[in-house]
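Participant: Coordinates for the following, if possible.
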Amino acid sequence: MKIFYYLFHFLCYATFVLPGNRSLVDPGRCSKLYGQCKRRCPKYEKQIELCLSPSKICCIERSFEDN
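Facilitator: Below is the predicted model of the structure:
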């Protein structure tokens with residue numbers, strides 16, 4: 001019974017929470033936004049979207065206004 005409970009929570013997260021926060025992009029779209037798909041963004045970069053690759057995020061350099 002617990003496995004169904006965890007599966008239900010995962011499906012709710014994947015259906016409602018994840019699309020509301022970020023969208024999944026391919027590496028080509030990330031590079032068009034002048035970013036790169038990486039596992040972790042350095043402090044001088046910010047995360048803008050999630051990449052389709054497993055556990056990678058699209059990072060771009062911070063502008064001076066973001067500091």
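Participant: Next, name the residue at the spatial heart of the chain.
Facilitator: When Cα atoms, centre = their mean is applied to the chain, the residue found nearest the centroid is Leu50 (2.2 Å).
Participant: Any figure for the gap between it and Arg29?
Facilitator: To Arg29, Leu50 is 11 Å away according to Cβ to Cβ, to the nearest Å. In this view, the C-beta of every residue, glycine as well, is placed from N, C-alpha and C.
Participant: picking that back up, can you tell me the helix or strand for the residue nearest to the centre of the chain?
Facilitator: According to DSSP states H and E, Leu50 maps onto strand 45-51.
Participant: what's the next secondary structure element after that strand?
Facilitator: strand 57-61.
Participant: Give the pairing partners of that following strand; include direction for each.
Facilitator: In the sheet, strand 57-61 lines up against strand 36-38 (antiparallel), strand 45-51 (antiparallel) (DSSP bridges).
Participant: Which residues in the longest one does the neighbour count mark as buried?
Facilitator: Right, the one you point to is strand 45-51. Glu45, Lys46, Ile48, Glu49, Leu50, Cys51 (16 or more other Cβ atoms under 10 Å).
Participant: can you check stretch 35-48 too?
Facilitator: Gly35, Gln36, Cys37, Lys38, Cys41, Glu45, Lys46, Ile48.
Participant: mind listing what the third one touches?
Facilitator: Okay, so that is Cys37. Counting by Cβ atoms under 8 Å, 6 or more residues apart in numbering, Cys37 makes contact with Pro27, Cys30, Cys51, Ser53, Lys56, Ile57, Cys58, Cys59.
Participant: among those, who's most crowded?
Facilitator: Cys58 (27 neighbours; other Cβ atoms under 10 Å).
Participant: now that one: how far from Pro42?
Facilitator: From Cys58 to Pro42 the distance is 13 Å (Cβ to Cβ).
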